[in-house]
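Asker: what shape does this take:
(2 chains)
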Amino acid sequence: MASEKNVSNKEPLVHISKRDTISFGKAWGIRLLAVVFSLIVCALVIFALTKLNPMEVYHSIVDGAVGTERRLWVTIRDTMVLLCIAIGLTPAFKMRFWNIGAEGQILVGGAASAAVMIYCGESLAPGLLLLVMFLAGMAAGLIWGLIPAIFKAFLNTNETLFTLMMNYVAMQIVTFCIVFWENPKGSNTVGIINARSKAGWLPALGDLTYGWNVIIVLTITVLMYVYLKYSKQGYEIAVVGESENTALYAGISVKKVIMRTMAISGAICGIAGFVIVSGASHTISTSTAGGRGFTAIIVAWMSKFNAFAMILVSFLLVFMEKGSVQIASQFNLNENASEVITGIILFFLIGCEFFINYRVEFRKKQKEAK
Amino acid sequence: MMILQQPLYKFKKGGLVVTEVNAIELKGITKRFGSVVANDNVDLSVRKGEILSVLGENGSGKTTLMNMISGIYFPDEGQIFVNGEEVTICSPKDSFELGIGMIHQHFKLVEVLTAAENIILGLPGKSTLNMKKVVEDIEKVTETYGFELDPNQKIYDMSVSQKQTVEIVKMLYRGADILILDEPTAVLTPQETEKLFTVLRNMKKAGKSIIIITHKLHEVLSLSDRVSVLRKGEYVGTVETKDATAESLTEMMVGEKIDLNIQRPDPVNPTKRLMVKDLNCISKEGVKTLSNVSLEAYGGEILGIAGIAGSGQKELLESIAGLQPTESGSILYLTKDGEEKELLSMKPAEIKNLGIALSFVPEDRLGMGLVGSMGMTGNMMLRGYNEGRGIFTNRKEPKELAERIIDQLQVSTPSVSTPVSRLSGGNVQKVLVGREISAEPTVLMVAYPVRGLDINSSLTIYDLLNEQKKNGVAVLCVGEDLDVLLELCDRILVLCGGKVSGIVDARTTSKEEIGLLMTKEEEEHA
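Answerer: Have a look, this model is predicted:
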């Protein structure tokens, strides 16, 4: 019961209320501010831990990511892969189908492309070979995405566990394939495929080293944006994601939409596998996906499924990753040091979403406003 | 000071005679959200041991005001007195320490715990729990006020009404003296409402103060001692309930005289449109929800469907709409040329492909009828997005339709792209009904069309239904308010335990007769 006596009618110090809308500029202003703050905090942390000049470390990160033309292209190449996966996840997530099986879908896609590369590398014309590899990667990813969707649609299995487990199955399949494809024998790795003939390697586009990677991924990005925003199927995905009852009411076949959407999602992740094998690593191993199937989940969520924001977020993550390798070697630091930096930046970026969704008012400020 | 010029002021005078300290007194409370003034200089007082109704249309600031008493919002201006002392309420905890308990529309309970566990959740105490003692104490509370509650029952096993009981008992157990109930009857059946009112009256006798927010005038008149009215965030006045009538309260609420009578034009040459024969339905859990239901619906009339909640109303409408798996029976649709078409176990899309315009306003508006996160345009597309060639959607026509509905039904929304989940209940319903009517249906089924709506919005919906009736549409209306069904419908079908217990002429029947039919089954068993 009330026993304390309040002398004056004081307001609480901080007020938090949900914003209805926020202007585009203001939202990005807050995000920019978050980056600035995070860099300041990082600087303090760097200095406290290593006594290095933070500016030098930052310079080294930039240098590592985009310092030379070669490094810039590698950064772009990896950005494209990450973007491609995030784009693949988007339709599934919009449907509230928690596809955390991108790793597996990339792996089988990559393995299928590698298989075509190995077995048909000599016999098919270069252009045709690439096309077949592309289609094989896509088809494999499609099947890998479709399997959990079928179970979800007909037996209502939990897609999160199912897609996750499919990742391990995919890894085992790749391990099994390596037995047949290992080169040189006994190395237990596939090695660079067609190292001499370069058959099935995505060529450079004129002067642009990874031009084709960029074109393939950006085309998919634009198509996905249009598909989700303007197509009837995109509309169906949004309705199913919101409520299956509403979908039923609208005459949408929920089963069909789940399977179709996951097929698309898996197929795009499969294409990412193709882009990795044909356009970057030219080999296949169980670490071909390298956790990017999970990182892409962060990319998709941070961008709020906005295809164009994904480009920025993927670039940021890859940029930091490349920079970290550089500072690790240049300053003899552990690579984890840069992960600390990435962590701090992500913390601020995700944390600033709070200030975009909510308005925080301080007592003083409010009084002044009166 | 507009209030002073209105005759209503004379009622307010009565409330100014203060004989003892008020339980709660608000003075000059103002709350703004950005540029919107939700409460403008509101005064309100609750005496000890009384039931005060707070009345107002949707968006008049009732809930905002209550949220300031319960510590969810903080007022920009004004003072709050509890038991005569000025207090500051910064958080729900502060409010609770002052003995104020609020029961929200959406319950805040942990489903997997029992009632007793929920009641003591978060309370300070020793490290060991004596559940037996807790249960005994709870039972003392329930006995005192006449609640029906098993403290050991799990929340997920409970009906909405039982969950509400848990919430109220929770507040009483924790020693609340002032209870605020936000639209407690919106989710209850008439019988459950009566039970709730009995308990509330007992609590009043025990000296508790109760504030109840509601839209239903007859509840206000039968339950409360005084009524305070808000209109567009402003305090209009307080009257003694015994001096008030439904008409006078409506006038205070709306600001002008409103004809509360519902129109009922005579049906013009009704033609048979829908024939349901021996329809049987079994739920996923294997329970029979409909057994041998037969009915005929005519174009040009409104067929009311009455019954205690869960008597098969939902299943009946959903079976006809193709949303519910059926067991056996037949649902025949008669076209204008007298052709018969079987709709049983057809999907909504298949019914549509037959060229039958069947519109359905489901009970769960945002969970079935609309997509909450989409704007009005997106929601207008829901029924017809698949029409037209090509793989892309056409957004131009839906947008025009949305604008037309905003215009004709006076939907208040910032824009056609504002997510409909952000709109108030009345506006959401207008959007849904507007869309369903725009499809020019021959059969229109509506479930609880005015649930949670204020008087003006309700009257708008009744007018819309009548307009459809005049256009020769067969209207099926499931309702919970028997008074409304009796005034609005031509015939009333009464469901009881999944069976049709009677079909009566609404013009000649009485509330008692329907009430008896609603519980026919139980009487037979007894």
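Asker: for the stretch 1-150 of chain A, just list every one of the strands.
Answerer: A:14-18 (DSSP state E, counting those that start in this stretch).
Asker: how about the helices of it, start to end?
Answerer: A:24-50, A:54-66, A:69-94, A:102-120, A:126-155 (DSSP state H, counting those that start in this stretch).
Asker: show me the contacts for the residue lying closest to residue A:64 once chain neighbours are set aside.
Answerer: Closest residue to residue A:64 apart from its sequence neighbours, by C-beta to C-beta, 6 or more residues apart in numbering or on different chains: residue A:326 at 2.3 Å. C-beta here means a position set from N, CA and C on the backbone, and glycine is covered the same way. Each residue near residue A:326 by C-beta atoms under 8 Å, 6 or more residues apart in numbering or on different chains is listed here: A:60-61, A:63-65, A:67.
Asker: same thing but 10 Å
Answerer: Residues near residue A:326 by C-beta atoms under 10 Å, 6 or more residues apart in numbering or on different chains: A:57, A:59-65, A:67, A:71, A:338.
Asker: highest average neighbour count across the helices of the stretch 1-150 of chain A?
Answerer: helix A:102-120 (a mean of 28; mean count of other C-beta atoms under 10 Å in any protein chain shown).
Asker: still on that earlier bit, same list (the helices of the stretch 1-150 of chain A) but as JSON lines, adding mean pLDDT and distance to residue B:461.
Answerer: Converted to JSON lines, those look like this (pLDDT from 0 to 100; distance: least, C-beta to C-beta, whole Å):
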{"stretch": "helix A:24-50", "mean pLDDT": "87", "distance to residue B:461": "38"}
{"stretch": "helix A:54-66", "mean pLDDT": "88", "distance to residue B:461": "61"}
{"stretch": "helix A:69-94", "mean pLDDT": "95", "distance to residue B:461": "33"}
{"stretch": "helix A:102-120", "mean pLDDT": "95", "distance to residue B:461": "48"}
{"stretch": "helix A:126-155", "mean pLDDT": "96", "distance to residue B:461": "37"}
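Asker: now these in a markdown table, with distance to residue B:241?
Answerer: Formatted as a markdown table, these follow (distance: least, C-beta to C-beta, whole Å):
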| stretch | distance to residue B:241 |
| --- | --- |
| helix A:24-50 | 49 |
| helix A:54-66 | 71 |
| helix A:69-94 | 52 |
| helix A:102-120 | 63 |
| helix A:126-155 | 55 |
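Asker: so which of the ones you listed gets nearest residue B:154?
Answerer: Among the helices of the stretch 1-150 of chain A, helix A:126-155 comes nearest to residue B:154, with 27.4 Å by C-beta to C-beta.
Asker: run the chain-centre distance for the next helix or strand after that closest one.
Answerer: Where DSSP states H and E defines the elements, the next helix or strand beyond helix A:126-155 is helix A:159-181. Between the centre of helix A:159-181 and the centre of its chain there are 20 Å (C-alpha atoms, centre = their mean, to the nearest Å).
Asker: do the same with stretch B:384-402
Answerer: Worked out by C-alpha atoms, centre = their mean, stretch B:384-402 lies 32 Å from the chain centre.
Asker: tell me who's in contact with residue B:273.
Answerer: Per C-beta under 10 Å, 6+ apart, neighbours of residue B:273: B:296-301, B:332-336, B:356, B:442-443, B:472-476.
Asker: make it 8 Å
Answerer: Applying C-beta under 8 Å, 6+ apart, the residues contacting residue B:273 are B:297-299, B:333-334, B:442-443, B:474.
Asker: show the pLDDT at the residue of the stretch 251-400 of chain B found nearest chain A.
Answerer: For the stretch 251-400 of chain B and chain A, the shortest gap (C-beta to the nearest C-beta) falls at residue B:349, measuring 3.5 Å. Listed pLDDT for residue B:349 reads 87.
Asker: show me what contacts it?
Answerer: Counted by C-beta under 8 Å, 6+ apart, residue B:349 has contacts A:251, A:253, B:386.
Asker: that one: which element?
Answerer: Using DSSP H and E, the element containing residue B:349 is helix B:348-353.
Asker: quick check: next helix or strand after that helix?
Answerer: Using DSSP H and E, the first helix or strand after helix B:348-353 is strand B:358-361.
Asker: what parts of the stretch 51-200 of chain B come near chain A?
Answerer: When proximity is defined by C-beta under 8 Å from any C-beta of the partner chain, the stretch 51-200 of chain B lies next to chain A at B:74, B:79, B:82-83, B:85-88, B:90-91, B:97-99, B:175.
Asker: in strands only, show me these.
Answerer: Among these, the ones falling in strands (DSSP state E) are B:79, B:82, B:85-87.
Asker: nearest to chain B among the contacts of residue A:326?
Answerer: Closest to chain B, out of all of the contacts of residue A:326 and judged by C-beta to the nearest C-beta, is residue A:65, at 36.9 Å.
Asker: so the closest one sits right up against residue A:323, yeah?
Answerer: Yes: contact criterion C-beta atoms under 8 Å: residue A:65 and residue A:323 qualify, at 4.7 Å.
Asker: in chain B, where is pLDDT below threshold?
Answerer: Low-confidence segments of chain B (pLDDT under 70): B:1-20, B:521-526.
Asker: so which of the residues of the stretch 51-200 of chain B next to chain A wins on neighbours?
Answerer: Compared across those, residue B:98 has the highest neighbour count, 25 neighbours, by other C-beta atoms under 10 Å in any protein chain shown.
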